[in-house]
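In: what's the 3D shape of this:
(3 chains)
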Amino acid sequence: MLEKCVASPPNILATLQAVQAAFGYVPLDTVPAIAAKLGVTDSDVRGVLSFYHDLRTEKPGKHVIRFCLGDSCRATHCENSLAAIEKKLGCELGETSPDGKFTLEKVYCLGNCALSPNMMIGEEIYPRLTPKSATAALEKHK
Amino acid sequence: MKVYIPDDSAAVSVGANRVAAAFPKDVEVIRTSSRGAFFLEPLVEIDTPNGRAGYCNVKPADVPGLLKKKPTPISKIPFLAKQTRFTFANAGLAKPYDFAALKKARGMKPQQILDEVKKANLRGRGGAAFPAGVKWQTTADARGQPKYIVANADEGDAGTYSDRMIMEGEPYRLLEGMAIAGLAVGASKGYVYIRSEYPAALKKLRAAVAQFTDFEIEIVLGAGAYICGEETALLESIEGKRGMVRYKPPFPAVEGLWGKPTVINNVITFATIPDIITRGADWHASLGTATSKGTMPLQLAGQVKNAGLVEVPFGATLEEVIYDFGGGMPTGCKFKAVQVGGPLGSIFPKKLLETPICFDAFAKVGGILGHGGIVVYDDQMDMVALARHLMEFTAAESCGKCTPCRVGSTRAREILEAILDGDGSDDDLALLNELGDTMKNGSLCALGGLAPMPVLTAIQYFGKDFRRRK
Amino acid sequence: MIITLNGRKVEVQPGQTIWNAARANGVNIPSLCASPNLKPYGSCRLCLCEVDGQRGYPASCTTPVRDGMVVRTDSAKLNQLRRNVIELYLSEQPEGSLQLREYAAQFGLQRVRYRQPKKRAYKVDASNPFFAFDPNKCIACARCVRACDEVQGTFAISMFGRGFESSVAAGNDVGFAASNCVSCGACVKECPTDALFEKAVAEFGKPDYTTRTTCAYCGVGCNFDVGVRAGRIVTMRPVDASPVNWGHACVKGRFGWDYVYSEERLKKPIKRVGDKWVEIAWDEAFTMIIDAFQRAKEKHGPDAVAAVSSSRGTNEENYLMQKFMRCAVGSNNVDNCARVCHSATVSGMMEVFGTWAATNSLNDLEQTKLLMLIGANPTEGHPVTGARIKRAIRRGAKLIVVDPRRIELCRYATLHLQLKPGTNVALFNGLANVVVTEGLTDKKFIAERTENYDAWWEVIRKYTPEHVAGITGVPADKIREAARLYATSGASMCAHGLGMTEHKYGSYGIMALCNLAILTGNVGRPGTGINPLRGQNNVQGSCDVGSMPVYFNAYQKLDDPAVRQKFEVVTGKPLPQKKGWKTPQMWDAALAGDLRVMWIMGYDVAQTDPNLLKVRAALDKLDFLVVSDLFFNETCKHADLVLPAASFVEKDGTFTNGERRVQRVHKVIEPMHGIIPDAEQIFRVSAGLGYPMKYANISEVMDEIAKLTPTMAGVAYDKLDDHFGLQWPVPTREHQGTGIMHTDRFPRGKAKFSPAEYLPPGEVPTDDYPFTLVTGRVLHHYNCGAQTRNSKLIEFVNRDVLEMHAEDATELGIADGETVNVTSARATIQLPCVISERVIPGQLFTTFHFPDNDLNTLLSSSADALSSCPEYKVLTVRVAKLPAKKRAPAKLRARVLV
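Out: The predicted model follows:
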C-alpha cells in the first residue's frame, strides 16, 4: 500500500491520510516503515502526524462523531446538545465511549451554518440539533 | 412531470434525499444545486409558464399530493428575488456548464486577460482582499517554472459555506476560473486544497475534475487545521509538511509551491472570473462601492430567521442584509451582536449595523469582511463566554511558530476564564488590551494578528459583561 | 546598497536581511530565534523593527534590505512589544533561562502579570551521554530542528504538535539516544535558552575562559574553543568563523574528549617484571630506554633500532622523532601510521602530479558542480565534511558515489556505482575510456599541461564500458553516464577515502583517478581536484615533516646532496644514506633478528596492522620495546616499558589537516598526573644518547621545520594564530598559503598520464571463502578506539558488528544479532552479525574499533606494491553459525547509519 505513496518529493501528509483511510488510524509503530518508504526520517513523519487534528494514533470507536463548535453553532447554543450527547455516551469531547461505539471529536465548522447547530456522524450531517434530536441521532448508528 | 430537488449537502441534511425518494417513478426527479435559501429547504421546484415555482420545507410525508398544491413562484420569494446574483446565478438551475469564458479567454493574449482582471478591480474574496489582477501579474512576471494555480477551498471560517456551495453546485465554475488564471500567468498545473470536513463537496469536485481536461488539476485534502487556510501554511500542507506559516516576503506569487511562482486565491475569487471575462471588466467595476467592486456572496448564519446565501453588490448595509434578507431575529430572540468575517472577526453591536458591506468601510470601524460570513448572536449569548470560546479556537488552531499567538492565545483564554469565574479585574482588561496589541502587531500571520479582535471589540461594546463578579 | 539604520547611513549587501545587515554594522537587534548559521524563521518576534513607508512592525530577521530603506530598531513601541514577548515566554517558564532574564532586564520587565495556572512539568530527556533536553526551558524557536536539518542534514528531530503544545522530539518520539541523532551537538550550540544543555557544563559550570585549538580525531581538523572552568575542560565549542568547520562538529570532536579524564589513562611509566607491571620513576624509565638503544647501536648497529611515530601526534613531535632517529641514533628506520592509510595516495599522486596531498580545499565543496566520492563514507568518517557535502547537494551540486556499500550519501546521489571490491583501476580506466571515445576531453589542458597521453591511451583503449562492466559489476550505461557527468559538469571534484588506497593495487587506482582528472581538466581550478580525505588528525603532517624511512621532509630524497647539506647545517649531523624500513618491513626484520629495539609512539600496531599474528610475534622477538601512549593498548601488552603520553589538550604544537592546513594546537591544561609530554620524552632520550636538542620553545621546532621543508618555509606560530592556520605550500614568510594547488604547473612540471592495468585483488571469492569482507569505521568510534572506547562514546556503540545482507543471513540461517564465526585463510574470529541494507549479497562489512575480536588477524600481508599500504578492503572469508548457539553479547549497542 505504501508503494503507491512514493513520490518525488515525498508527501508525508498524503501518505498518512492514506494509511488512516486504510486502517482508521495511524499506529505509531508504523512510523518507521512509513519514513523508510518515503525516504524521510521518523521525526519528520511524527512531526506531520502530530500536527493535523484529523490524524489519530489510536483506534477510533466504530463511529466518529464530529461535533461542530463553530461560531454559528455556538450562536444557536449547541452546548446543550453537546452536554446531552456526552451524558448519553459517557465520555467527553476527544474521547471514545466506554463501549467503543463512538469517538466524539470536536470540529470547527462543517459548512452547514445556515442550519446550525450541526454534527456529523460518518458522512451524515445532523442539523438543527436539540438535545433530543442529538441523542436520537446516536440511535441510528449502531 | 419534472421536479427539481437540490442534492446540496445542507438540503440533504434536512431530508432532501428522502423527499426525492418519496416521489413515484413517473415523476422525473432532477437533482440540482441549492439556491442557498436554506431556511426553505427541502425546496422542491417545478417549471411553470412564468418560470420556476417551488414548495418550501417539504417533508417526505408531504410528497403524495404535493404537486396538486399551489407552489410559490421563486420570483416572489423576497430572499431570493431581491438578490443580485452573478457568481451564484446558476444556483438551483439545471443548466449544463458552457465554458464560454474559457473559450473567450483562449482567444485572448495572456496580458489581455491580466489587464481585464486588473481593470475589473477584483479584490480577493478569501479575506485579505488583495487585488487579484495585481497578484496574477506578479506571478506572470516572476521567473521560475513551472508555475502553479492554487484554489484555497479550506473555508475554515465558521459561518461560511459559499465555497462549499460552488464546489457542490457548480464546480466547473471554479475550475474554469483556475484554467483562465493558468492561461494568464503561464501556469501548467492547478491544485484545489479542500477541507476534509466537506465530504460531499469532495465527491462532486472529484467528478468534475475527472471530466475537466482543459487544465491539469489535482485535489489535495486538508486534515483538520484551520491555519491551513492561511495561504503559506496551505502551501506547506500541499507539500505534505506541517502546516506552518511562512514569513512574507517572499510572497507566494513569486515564491510559492515548492518555491515556484504561485497564484493562490479563494474559490469565490476564481468563481467570479468567468463573468468578468464574458461580461467585461467594466461591468464588474460598475457594481459595488468606490473601493470594493462587484458583488459579494454573503453567508447568513446564527440566530437569524432566514439563513442562507445572499449575493448583493458591495454597498448594502449589514442591517439590510440581516433584516431585509435575513428576516431579522427568530421568534423569541433578541438581537445582541453580529460577527462578520469568521471567528476572528470583530463583534459589532446594534449601532454598527449601518456599516455598508465594503472592505474599507468595515476596516474603518475596526472590523473585517473576511469571506463574508455573518453570524448573528442573540441576548442569550454571554460575550465573555463567546470571547473565551473564540480565543480557545485560536489557541487550538495556532500553528505554534510565533510567540504572541502560540503563548498569547492561551494566556488570553486563561484571563477570560478568570473573568468568567468572576475572578477578573480592571487590570485583567488592561492586560487583555495590551496582550491584544502585542498579538496584533507582533504575530507572524493574520491568525494571531486578528485573534484579539473579537475579545477587544466585545470588551469595547459589551464591557458590562466583562465586569462581573461571582 | 545604502540604508539608513537608526539615523545612520550604512552599507549593506543586496539579499541580506535587515537583521544580518544590522549585525554586520554593529547593531545587534534582539532575537532568540535568529541565528547567523541558519535560515530565518520568524518565531520569537523580538527582532521587530520600524520601516518607513511600511505598515506594522516587520521582523528584521526575515525582511530583506531595499535600497534607501529607512529602518529603526529601537523605539518605545518596539521596546514595549519586546517586553511583552519576553513576558509571554516567562509566563511559560517562571524560572526562565539566563537569556530570557537578561532580556527581561534589558526591556524593563518588572514582573510577569499573567496568572500561571499550570507549571511546566516535562520530563528531561537525558538519554544521550553528553547532552540533555529539558523541555521546560524550550521556547519553540526551532533553532535545534533547523540546525539538524540545515547544518548537519540528519533530520533527527522535529517540532511535534502545534500551538501551545508545540515541542521538540527525536525520532519516533523515542528520545535522542534511540533516534537517528548523530550527537553532533549542532542543536545544543544553537539553543538560546539552555533547554538543550551539555551535561559536563551542567555538572561543572560554564567556562571561565576558552582556548582555541584543533581537534585530534580526524583529518578534517575542526577548530574548537575549549571551555575551561576551574582548571577543568567542560566544553568544546566549534568555531563559527573557521573555514574548516564553519561552526560545526561531530560527536567525537564535540563531546568525545572526555577520554582525557578517563581513569584508564596511563599515569606513570610502568615496566614489565615477569607478567606484572610495576610503576617506576620517569628518570628510571629514560635510563632504561637510553641503555637499550645504546646497547643495540653498539652491538648491532644503528639500523637495529627503529621508531614509529604517531599520525595523531603533532608535527613537532613527528619531526623530533625522525630527527632523533636520524641524528641521535643514526638510522632512517622511522615510519608512522600513514603507512596503513593513505600511503597509496602518496605514491599514486607522486607518479602523476609529483605531489602527495589534496590538490584543493574543503571550501571547494561550495564551488563544485559535481562531487565524485570514492571509497569513503564521510557522514561517518569525516562527519563535518559529510554534512558539508549534503549542503552542497542541496545547493545544486551533483553527487556520484563509487562504493561497494550503500552508504548514507547514496540517497542523495545522482549515481551510485556499486562496484566489486578491488576493481577500482578497471572502473576509472573505463570512465576515462568513455571520456575519450565520446570526445569529452579537455584538449587544451592535455596539450599544455600533460605528457605521455599516447602511451596511456594505448593501455586504456581496451577498457570499454562493456569490458569494465564485466569486471566491476557496474552496468555499462551507468559507466557512460558517470563519465559524461564528470567530464561535462564544468567543475568536478574527487574526494576519496581508504576504499581507494587500502588495496593491493591502491596506488594504481589513485593513478587511474588522477588520469581522469587531467584528462578532463578537473584539477588546478576551484571546485575540482583530487582530494584524499585524510584520516587522522595529523597523518598529512607526520609525513610532511619527514617521519618516513625512504624520504625526508616533504618527500625530499635522502640522497639529494642539497637536502643533505641543509640537513647537516641545521642539525649538525649527516643525514643517514641507507633507506630505512617501512613498518611491514620492520616486522620482517624483527622476526629475522635484524631489528632489536623499537620505540612505538601513539600507534597501536598490535591491533591495527594487518596480519596481526605476525606483528605480535615480531614485537615479542624484540630485545626491547618501549611504547608511549595514552592508554594501555594491545601493543603495550608486548612492551617492556610503557610511558604515558600527553593528550592534545595538554601540549602545544600543530596538526596539518587533509587540506594541507597547518593549524595550531594550544595547550589548554597542564599535563595530568605529572606526565612528561612526548616531545620532552624525545628530548630526554636524545640527550641521553649524546645528542641534546635545545629549543627554548616548541615554536622553535616549527621554525626549524620551516627551514628544512620547502613547502612550509613560511610557516611560523605567530602567522598561524592570525589566520586559521596556513595551507601549504607557504614558500615565504609573506605568503598567505595556497588553497588550490597546480593552478599553473605541477611539481613535476607537466602531469604524467600513468597507465595502470587492472589486476585482481589479493584475494578473490572461492568456494572455501565465498564472502568479500570490507573493513572500515563507524561514526562513534575512531580507528583502534583508543580514545573513543575510553569515552562515553562507548554508550552508543560497544561492539564491532558484522553487517550482512538479509538474503545471505537467511540462506545461512543466521538471525539478526547472532554471533558467528568468521574465518579467513589465516584465522577465525567471532562477531555478532547484524542484518544491513548497506552491503549487497556476497559482501560483508565490519569495523576494527574493539580489540577483543582481533579482526586484523584475518588479514594477510597483501599490500600495495608501491607503497606497502595493506589491503584492508578486500579479504575473503566464510561465515558459519557457532556450533553451540551463543547468544549475542548482553547490551549489544550498534548503529547502522543508512
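
In: okay, now the domains of the chain?
Out: Going with chain A. Here the domain assignment for chain A is A:2-49, A:63-140, based on automatic domain parsing.

In: wait, I meant chain B there
Out: Using automatic domain parsing, chain B is parsed into the domains B:2-81, B:100-284, B:295-378, B:383-466.

In: Just tell me which of the ones you listed ends up closest to C:R661.
Out: domain B:100-284 (35.8 Å; Cβ to Cβ). Backbone N, C-alpha and C define where each C-beta goes, glycine included.

In: Distance-wise, check C:A639 relative to chain A.
Out: 47 Å (Cβ to the nearest Cβ, to the nearest Å).

In: what's near enough to touch the residue nearest to the spatial centre of chain A?
Out: Residue closest to the mean C-alpha point of chain A, counted by Cα atoms, centre = their mean, is A:D54 at 5.2 Å. By Cβ atoms under 8 Å, 6 or more residues apart in numbering or on different chains, the contact set of A:D54 is A:17, A:20, B:196, B:222-224.

In: Out of these, who's the most crowded?
Out: Counting neighbours by other Cβ atoms under 10 Å in any protein chain shown, B:G222 comes out on top of the contacts of A:D54 with 26 neighbours.

In: B:T48: neighbouring residues, count only.
Out: Neighbours of B:T48 (other Cβ under 10 Å): 11.

In: Pick out the residue of the stretch 101-250 of chain C closest to chain A.
Out: C:S158 (3.4 Å; Cβ to the nearest Cβ).

In: Looking at the domains of chain B, spot the one closest to C:V70.
Out: Of the domains of chain B, nearest to C:V70 by Cβ to Cβ is domain B:100-284, at 17.6 Å.

In: Quote the end-to-end distance of the closest one.
Out: 17 Å (Cα to Cα, to the nearest Å).

In: does B:P454 count as helix, strand or coil?
Out: The three-state assignment at B:P454 reads helix, by DSSP: H, G, I helix; E, B strand; the rest coil.

In: Now it. Nearest residue, chain neighbours left out?
Out: Spatial nearest neighbour of B:P454, chain neighbours left out: B:L390 (4.5 Å); criterion: Cβ to Cβ, 6 or more residues apart in numbering or on different chains.

In: That neighbour belongs to a helix, doesn't it?
Out: Yes. Assessed by three-state DSSP, B:L390 belongs to a helix.

In: which residues touch it?
Out: Here B:L390 is in contact with A:71, B:343-344, B:451, B:454-455 (criterion: Cβ under 8 Å, 6+ apart).

In: just curious, which of those residues is nearest to chain C?
Out: Closest approach between these and chain C, by Cβ to the nearest Cβ: B:A451, at 11.6 Å.

In: Burial check on that closest one, number of neighbours?
Out: Residues near B:A451, counting by other Cβ under 10 Å: 29.

In: For the stretch 151-300 of chain B, what lies in contact range of chain C?
Out: B:225, B:227, B:242-244, B:247, B:249 (Cβ under 8 Å from any Cβ of the partner chain).

In: So which of the residues you listed belong to helices?
Out: Among these, DSSP state H puts none in helices.

In: Mind giving me the ChimeraX select for those, buried ones only?
Out: In ChimeraX, a selection of the buried entries from these looks like this (16 or more other Cβ atoms under 10 Å in any protein chain shown):
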select /B:225,227,242,243,244,247
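
In: and of the residues of the stretch 151-300 of chain B next to chain C, the nearest to B:R279?
Out: B:R279 lies nearest to B:P249 out of these, by Cβ to Cβ, at 34.7 Å.

In: hang on, the closest one packs against C:R66?
Out: No. Contact criterion Cβ atoms under 8 Å: B:P249 and C:R66 do not qualify, at 10.1 Å.

In: What about chain A: which of the residues of the stretch 151-300 of chain B next to chain C touch it?
Out: Among those, the residues within reach of chain A (Cβ under 8 Å from any Cβ) are B:225, B:242-243.

In: which one among these gets closest to chain C?
Out: For those, the nearest to chain C is B:R242 (6.9 Å; Cβ to the nearest Cβ).

In: Excluding covalently adjacent residues, which one is nearest to residue 134?
Out: Defaulting to chain A. Per Cβ to Cβ, 6+ apart, closest to A:A134 is A:S81, 4.1 Å.

In: not quite, I wanted chain C
Out: Take C:D134 and drop its neighbours on the chain: the residue closest to it by Cβ to Cβ, 6+ apart is C:V124, 4.7 Å away.

In: how much space between the one you found and C:G175?
Out: Per Cβ to Cβ, to the nearest Å, C:V124 is found 10 Å from C:G175.

In: what about the helices in the stretch 251-400 of chain B?
Out: Along the stretch 251-400 of chain B, counting by DSSP state H, counting those that start in this stretch, helices occupy B:267-279, B:281-286, B:318-319, B:359-364, B:383-397.

In: Out of those helices, which one sits most buried?
Out: When these are scored by mean count of other Cβ atoms under 10 Å in any protein chain shown, the highest mean neighbour count falls to helix B:267-279 (a mean of 25).

In: where's that one relative to the chain centroid, distance-wise?
Out: 15 Å (Cα atoms, centre = their mean, to the nearest Å).

In: Which strands or helices does it pack on?
Out: Helices and strands touching helix B:267-279, by 3 or more Cβ pairs under 8 Å, 6 or more residues apart in numbering or on different chains; DSSP states H and E, are helix B:100-106, helix B:110-120, strand B:148-153, helix B:162-169, helix B:171-185, helix B:281-286.

In: Look up the closest residue to whatever residue of chain A ends up closest to chain B, ignoring the ones flanking it.
Out: Using Cβ to the nearest Cβ, A:G70 is the residue of chain A that sits closest to chain B, at 2.9 Å. Spatial nearest neighbour of A:G70, chain neighbours left out: B:A158 (2.9 Å); criterion: Cβ to Cβ, 6+ apart.

In: The one you found: which element?
Out: Per DSSP states H and E: B:A158 is located in neither a helix nor a strand.

In: Check the burial of it by counting its neighbours.
Out: By other Cβ under 10 Å, 31 other residues sit near B:A158.

In: go on, B:K82?
Out: Residues near B:K82, counting by other Cβ under 10 Å: 13.

In: pretty sure it is touching B:D324, no?
Out: Yes. The pair B:K82 / B:D324 is scored as a contact, 6.8 Å apart, by Cβ under 8 Å.

In: How about C:T823, nearest residue that isn't a chain neighbour?
Out: That would be C:R878: by Cβ to Cβ, 6+ apart, it lies 5.3 Å from C:T823.

In: and that neighbour, that one's in a strand?
Out: Yes. Per three-state DSSP, C:R878 lies within a strand segment.

In: circling back to that earlier point, out of the helices of the stretch 251-400 of chain B, nearest to B:P6?
Out: Of the helices of the stretch 251-400 of chain B, nearest to B:P6 by Cβ to Cβ is helix B:267-279, at 18.0 Å.

In: which residues touch that closest one?
Out: B:86-87, B:100-102, B:104-105, B:108, B:113, B:116-117, B:120, B:122, B:124-126, B:132, B:151-153, B:155, B:162-163, B:166-167, B:170, B:173-174, B:176-178, B:180-181, B:283-284, B:294, B:297, B:371-372.

In: Now that helix - C-alpha only, CSV.
Out: Provided in CSV are the C-alpha atoms of helix B:267-279 (Å, rounded to 0.1, in the frame of the first residue of the first chain):
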residue,chain,number,x,y,z
VAL,B,267,-12.8,29.7,-4.5
ILE,B,268,-15.2,32.6,-4.9
THR,B,269,-12.4,34.8,-6.4
PHE,B,270,-11.9,32.2,-9.1
ALA,B,271,-15.7,31.7,-9.5
THR,B,272,-16.0,35.4,-10.2
ILE,B,273,-13.6,35.3,-13.1
PRO,B,274,-15.8,33.8,-15.7
ASP,B,275,-18.3,36.6,-15.5
ILE,B,276,-15.5,39.2,-15.7
ILE,B,277,-14.3,37.6,-18.9
THR,B,278,-17.7,37.2,-20.6
ARG,B,279,-19.3,40.4,-19.3
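
In: just the angle between that helix and helix B:171-185, please?
Out: With axes from the mean of the first three to the mean of the last three Cα atoms, to 10 degrees defining the directions, helix B:267-279 sits at 70 degrees from helix B:171-185.
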